[in-house]
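**Q** Predicted model, plus sequence, below.
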Amino acid sequence: MRIWCLSLVFWSAQACAITQISVSADSIVSDLFQLSKPNAVLNLQSKQQVKIHAEQLQLGDARLDNPNISLDISHRPTLLITSDQLHMQPYQVRHPRIFLDYRKKTPQPTLSLDAEVKTLNDEAWGKFHLDCMVPEQAATETWRCEDGLYHDTRSNIPFDLLVTPTWKAVDKGGQMAKGVDLQLSFDQAKFSDAEGLHAADNLTGKVNLSAHQQAGGWRWQGVFDWQQGELFWQPFYFADGNKRFEIKGYYRQPYLDIEQATLSLPGVGLLHSQSRVNLDSKAFELLKVDAHDVDFNGVYQAFIQPLIPNSAFGHLNVSGKADWSFEAKGLQPLKFHLKIADASLEDELGKFGFSHLNANIPWDFDQPKQISMGYQSGHILKIPLGQTKWQAEVNRYSITSPSLKLPILDGALEFQDISAAWINQSMVWHVKMDMQPISMSQFSQALDWPTMRGQITGAVPLITYANHELRMTGDMQFKLFNGMVGMSDLDIDDPLGAVPKLHANFTMRDIDLGEITRTFNFGSITGKLEGDIKHLRLQNWKPVYMDAVIQTADGPFEKKISQRAVENITALGGEGTAAALQRTFLRFFKEFGYEKIGLRCELRGDICKMGGVEAIPGGFVIVKGKGAPSVHVNGYTEYVSWKDVLGRMQRVTDSNSKIIID
């Protein structure tokens, strides 16, 4: 009966000229794939061509929608799989093409993979290609994949890949788990992402990765040998290659656990880390990093500087040894510890520096910690600092300390009630300050100023810093030249930034003109000097606005001026300034009497509107003479460049000025 039925089917096919046979199924499942609702069509004319269409083809974690499969079932078959879309997180893949070729013209069967690929957040599609030689024992022998390439508008990554299927015992009972060994080699690869957060250039190296299935996931370990090239992974930058990265962990969707990672960096040392990454959210749910007895400069350049590039400590030259550890959960830092041993630290712009620096700086999000630091010597600008030690308490994002004594030259700054906090991505702090007397002689020499006499002393009730602005409440007084110079209303915007702005008012009282003229080699003037500089504004430490008045004080004291001082005052007045003597022969006197001496400057931008002790037609009086012999100095140029004023001061101090006598 069966033979009769088969004969009938064969006769019917011949009689009806059937050209193809179609077979459908709910699914086809193997160890390598699962095919859902396949429909196979056999071409009876060629008798070797089978075309299959299905709803889905599952290959491991990859899924093809509506795949089309063309199978040549000859002695040396070929298999071609195409689809519109391949799902493989975290990538988008379109137009995938998988071609398996067993034809005799190839010395060994080949598997070719082609597709267009991009990440979920990217707009640019790239092209992926890989050719693999299929070994005779495909389930146990090594697959050699060569001439791999990923290319898009920002990336070009050539690579080779070796894939070896493995089996590994996972328990004492002899149970085996399948796995894989991978060796990925890349040569002069470059890439960057759309956001500019990750990039590489001329990257050459090798990755060895071994993995096997365990408890519904994959246990894995690997080694990354980076031979040359540059890598940027926001905010960190690594260059020059010659680095080794060893790593092992466990993967179970959606988590990638890095249980141990060791990074060897030349010039730094060994760094160890642990982390957990949620591959769906791309977030680090846990991150731990620690390094012991490493080069402080290497740690600073690789890991600390990138985190604080725009701060006061963003551009330093450092040396010494350090221990460093860091722990975070998600985006929230949990712990930090930095120990520095016998280091040096110098700002590249020369703003500050410290030598033989030691520090122990722990930090914990959940509990307060005591920090300590100190140095043997240092400087702020060119002012030397003596040996200093400091202790403080850090509580989450705030730090407090009862006092800090900062030795400066032969005196000191004493700070009390120190408090600082990190609020809204900005530092806020306040402090009280007393100044132990500092010699003006040593202070002026340290700044390469003419040697001055007197002392700097004073007390400031409160200094605050918030929103990148420093303010001083109260007055600071300097005892100079047997008199007093006071500073008030100090306000500095972004003091450590690229373009700091300062506002302050200054007063001068009872300054001994004899002392100041001897200090600056100006010529002799007796009497007292007073003055006010109101609304002084500096931008990048250069004056751009002020109303300044400097003049002699009234009082029952001798008022004499030497001929050399007259010459220098005349030079300060610039072109159009003239010294007029009462009589021609009085020019031969070395000393003259005066009633008043004074200069005014209203600075706006780079232009200074000049004035003196009183106005005259077409000009102003700088020196008003009195008695016999006496001398008058008048100025006739009302508007001058501030740059010219500074140039005149420099020439006067160089004693290169000459008197103009009318």
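**A** Happy to help now that I have it.
**Q** Need the per-residue pLDDT for the most centrally placed residue in the chain.
**A** Per CA atoms, centre = their mean, the C-alpha nearest to the average position across the chain is that of residue 309, at 2.7 Å. Residue 309 is assigned a predicted lDDT (pLDDT) of 74.
**Q** where does residue 11 land on pLDDT?
**A** Looking at residue 11, the pLDDT reads 41.
**Q** How about residue 584?
**A** The per-residue pLDDT reported for residue 584 equals 47.
**Q** quick check, distance from stretch 78-92 to the centre of its chain.
**A** With CA atoms, centre = their mean, to the nearest Å as the basis, stretch 78-92 stands 41 Å off its chain's centre.
**Q** what about the strands in the stretch 251-400 of the chain?
**A** Per DSSP state E, counting those that start in this stretch, the stretch 251-400 of the chain has strands spanning 255-265, 269-278, 283-295, 316-329, 332-347, 352-364, 369-375, 377-380, 383-385, 388-395, 398-408. These are given in chain order.
**Q** what does the stretch 1-150 of the chain give?
**A** 20-24, 27-29, 34-36, 39-43, 49-53, 56-59, 62-65, 68-72, 78-82, 85-88, 91-101, 110-119, 126-133, 143-151.
**Q** The spatially closest residue to residue 346 that is not a sequence neighbour: how many residues sit nearby?
**A** In this structure, residue 346 finds its nearest non-sequential neighbour in residue 353, 3.9 Å apart by CB to CB, 6 or more residues apart in numbering. Quick note: C-beta positions are derived from backbone N, CA and C, even for glycine. Other residues lying near residue 353 total 19 when counted by other CB atoms under 10 Å.
**Q** swap in residue 26?
**A** Residue 26 is surrounded by 8 other residues when neighbours are defined as other CB under 10 Å.
**Q** next one: the one 10 residues further on
**A** Residue 36 sits with 16 neighbouring residues when counted by other CB under 10 Å.
**Q** Look up how far residue 111 lies from the residue nearest to it when sequence neighbours are not counted.
**A** Of all residues not flanking residue 36 in the chain, residue 56 sits nearest, at 4.2 Å (CB to CB, 6+ apart). Shown here: residue 56 relative to residue 111, a distance of 21 Å by CB to CB, to the nearest Å.
**Q** now swap in residue 270 and tell me
**A** Relative to residue 111, residue 270 is positioned 40 Å away (CB to CB).
**Q** does the closest residue to residue 311 other than its chain neighbours sit in a helix, a strand or a coil?
**A** In space, and not counting its chain neighbours, residue 311 is closest to residue 496: 7.8 Å by CB to CB, 6+ apart. Using DSSP: H, G, I helix; E, B strand; the rest coil, the secondary structure recorded for residue 496 is coil.
**Q** The closest residue to residue 216 other than its chain neighbours bridge partners, please.
**A** With CB to CB, 6+ apart as the measure, residue 252 is the residue that lies nearest to residue 216, at 6.1 Å, once sequence neighbours are left out. Using DSSP bridges, the bridge partners assigned to residue 252 are residue 255.
**Q** how about low-confidence regions in the stretch 201-350 of the chain?
**A** Flagging of the stretch 201-350 of the chain using pLDDT under 70 yields the residue ranges 235, 282, 331.
**Q** Tell me which stretches of the stretch 501-650 of the chain form helices.
**A** If DSSP state H, counting those that start in this stretch is used as the criterion, the helices of the stretch 501-650 of the chain fall at 513-519, 563-573, 642-653.
**Q** Figure out which of the ones you listed is closest to residue 395.
**A** helix 642-653 (47.8 Å; CB to CB).
**Q** which outside residues touch the closest one?
**A** Applying CB atoms under 8 Å, 6 or more residues apart in numbering, the set of residues contacting helix 642-653 from outside is 450, 520-522, 543, 568, 571-572, 574, 601, 603, 606-608, 657.
**Q** roughly how far out does it sit from the chain middle?
**A** 40 Å.
**Q** okay, the angle between it and helix 563-573?
**A** Angle of helix 642-653 versus helix 563-573, following axes from the mean of the first three to the mean of the last three CA atoms, to 10 degrees, is 160 degrees.
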